[in-house]
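> sequence and predicted structure below; questions after.
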Amino acid sequence: VFDAERSPVFTFPEGNGAFAAFQLPDGAAGSTLRLRAFVSSSTLPLATIVRANVIFLDAQHAPIAAAREAALKLERRVFRTSYGDGVFAVPPAAAYAIVYTGSPRSARAIATSENGTRYAIPFSYTGDVDVLLQKAPQ
């Protein structure tokens, strides 16, 4: 959970953002890191969503050149809760992953209401994000 009052904040290339740091397990190279950000409310147009980005670091804590922002595709799940998934390939030298809230000025995610009305969902610095590391097939 990214929280405006309790989450640490750092200045990333996109601007200030709340973050969480993870040490990747040995053999994570070639795996997929999936960031699932949940829409704050099922009431449109009041909903917001975290723009979850990632920076991979090597064992010496140096940033690895890789995509930091993934296309965010909104999905609807049970009980009308919506979420957006961003998927990242884990680079070969990655030892750490820093998940952070990206720029609120990024292109907005689009949600469609029950009646078909489309809404641009603004990004927020607060909200829920699931982080899932999926092993590469062997």
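Thanks, I have the structure now.
> so where's this structure shaky on pLDDT?
42, 71-81, 104-105, 107, 136-138 (pLDDT under 70).
> try it again with 50
78-79 (pLDDT under 50).
> what ranges does it have for its strands?
Ranges of strands within the chain are 9-12, 15-23, 32-38, 49-50, 52-57, 73-76, 82-89, 96-101, 109-112, 118-121, 123-124, 129-134, based on DSSP state E.
> now those in JSON lines, with distance to Asp3 and mean neighbour count?
Just so you know, the C-beta spots here come from the backbone N, C-alpha and C atoms, and that holds for glycine as well. Listed next are the strands of the chain as JSON lines, based on distance: least, CB to CB, whole Å; neighbours: other CB atoms under 10 Å:
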{"stretch": "strand 9-12", "distance to Asp3": "11", "mean neighbour count": "13"}
{"stretch": "strand 15-23", "distance to Asp3": "7", "mean neighbour count": "16"}
{"stretch": "strand 32-38", "distance to Asp3": "14", "mean neighbour count": "19"}
{"stretch": "strand 49-50", "distance to Asp3": "11", "mean neighbour count": "26"}
{"stretch": "strand 52-57", "distance to Asp3": "14", "mean neighbour count": "23"}
{"stretch": "strand 73-76", "distance to Asp3": "23", "mean neighbour count": "13"}
{"stretch": "strand 82-89", "distance to Asp3": "18", "mean neighbour count": "20"}
{"stretch": "strand 96-101", "distance to Asp3": "11", "mean neighbour count": "22"}
{"stretch": "strand 109-112", "distance to Asp3": "21", "mean neighbour count": "17"}
{"stretch": "strand 118-121", "distance to Asp3": "19", "mean neighbour count": "14"}
{"stretch": "strand 123-124", "distance to Asp3": "11", "mean neighbour count": "20"}
{"stretch": "strand 129-134", "distance to Asp3": "11", "mean neighbour count": "14"}
